[in-house]
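1. Whatever this is, show me its structure:
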Amino acid sequence: MNKKTMINSFLTLFISVLSFSSLFPQNKNIITILTKDNLSFKINSMKFSLKMDSKDFVKKFGKPENQKLIDYIKEGYLSNCEILSYYTKGIEVVARPDGKIKGYTFYILASDNYKPCNVITDKGIKVGFSMEEIKKILGESYSKDSTDIAGYEGIESLKSWELYYKYDENTLSFHFDKHKQLDHISINSDYLSYLKNEIEPEVISKKDEYSSIIAEYSGSNIQNTKPFNVDSQWEIMWNAEGDFFSVYLYSSDGDMITVLANQSGSGRGSSYYPKKGKYYLAVNAIGNWSIKIIKSN
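-> Numbers count the residues shown, from 1 in each chain. Next up is the predicted model:
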């Protein structure tokens, strides 16, 4: 083989390797969630923690594609927070009013405008893991999503699940879609109090349920309910039959207070609210639904 032939053969092989590699691109930006040191994550050699300043995060991680203030929610975890959206990287960041970061969400599956990110925990949990596999690794969860509550009929038809694990005062959560696929992982601070309120409602008997009903509503698609009065802590219980169901709580003066429900797919669920007052509900749904407002002891 002469020199010219050898060079041509080498060039042909080099081009073939490049073509093959383009079919299977390597994502070097692997995100690793660290369960030590109160939850954090790293990408390449950079490490990011909860409660770090959002301005410092942007300097290291880059400018988000979208940044918005959630000033229309008056109470709850997202009240007056800022959302930093990195759509192409598949990451959402929640910052408190003082600028400290209180949560990161990593989208394993594409969701809305978010592309999937290459994320794994330091325990090896990643895309494709089931709830049972996660429990084998981490043990029983600290809490579960409010739509996965024992004692209600039709539990098999519920369409989303979430497992929460406690690390000191922070939480690691795994969210599963209606197909029970792991679709995103979150790490959060300042969330434990919301879990105790929303995820652990008291299961009441049918007799007690009907004797403590404050209001009942039923309808389809988008509707506002008539106002209702409560003089104690209370709970909303719903049964949705369509592909989407959400409920927003408003004061009688028309101010939005918080989001009570946000469910993909049909199924039952509940949410707790601790304050008395006069309210009405704005239901945004696809399909038929029914709601009960019940006193909570």
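2. CA atoms of the host helix or strand of K60 as PDB?
-> Secondary structure from DSSP states H and E places K60 in helix 54-61. Extracted as PDB, the C-alpha positions of helix 54-61 are listed here (Å, rounded to 0.1, in the frame of the first residue of the first chain):
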ATOM      1  CA  SER A  54     -29.800  33.100  42.900                       C
ATOM      2  CA  LYS A  55     -27.500  35.800  41.400                       C
ATOM      3  CA  ASP A  56     -24.500  33.700  42.200                       C
ATOM      4  CA  PHE A  57     -26.200  30.700  40.700                       C
ATOM      5  CA  VAL A  58     -26.900  32.600  37.400                       C
ATOM      6  CA  LYS A  59     -23.200  33.700  37.300                       C
ATOM      7  CA  LYS A  60     -22.000  30.100  37.500                       C
ATOM      8  CA  PHE A  61     -24.800  28.300  35.600                       C
END
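3. Next secondary structure after that helix?
-> Heading C-terminal from helix 54-61 (DSSP H and E), you reach strand 66-70.
4. ok so, going back, mind listing what's buried in the helix holding K60?
-> If you call a residue buried by 16 or more other CB atoms under 10 Å, then helix 54-61 has these buried ones: 54, 57, 61. Heads up, the C-betas are built off the backbone N, CA and C, glycines and all.
5. quick check, nearest of those residues to N288?
-> S54 (41.5 Å; CB to CB).
6. With the flanking residues excluded, which residue is spatially nearest to that closest one?
-> Excluding the flanking residues, the one nearest S54 by CB to CB, 6 or more residues apart in numbering is A95, at 4.0 Å.
7. same deal with N262?
-> N262 sits nearest to S246 (CB to CB, 6+ apart), 4.7 Å away.
8. who does that neighbour bridge with?
-> N262, N284 (DSSP bridges).
9. That one - how many residues pack around it?
-> For S246, the neighbour count with other CB atoms under 10 Å is 16.
10. How about the one 10 residues further on?
-> Other residues lying near M256 total 14 when counted by other CB under 10 Å.
11. how close does it get to S40?
-> According to CB to CB, to the nearest Å, M256 stands 33 Å off from S40.
12. Helices of the stretch 151-297 of the chain, residue ranges please.
-> With helices called from DSSP state H, counting those that start in this stretch, the stretch 151-297 of the chain shows them at 192-198, 206-211.
13. Mind telling me which of these the model trusts least?
-> Mean pLDDT is lowest for helix 206-211 among the helices of the stretch 151-297 of the chain, at a mean of 43.
14. one step back: which residues does the helix holding K60 contact?
-> 46, 48, 64, 82, 84, 86, 93, 95, 99-101 (CB atoms under 8 Å, 6 or more residues apart in numbering).
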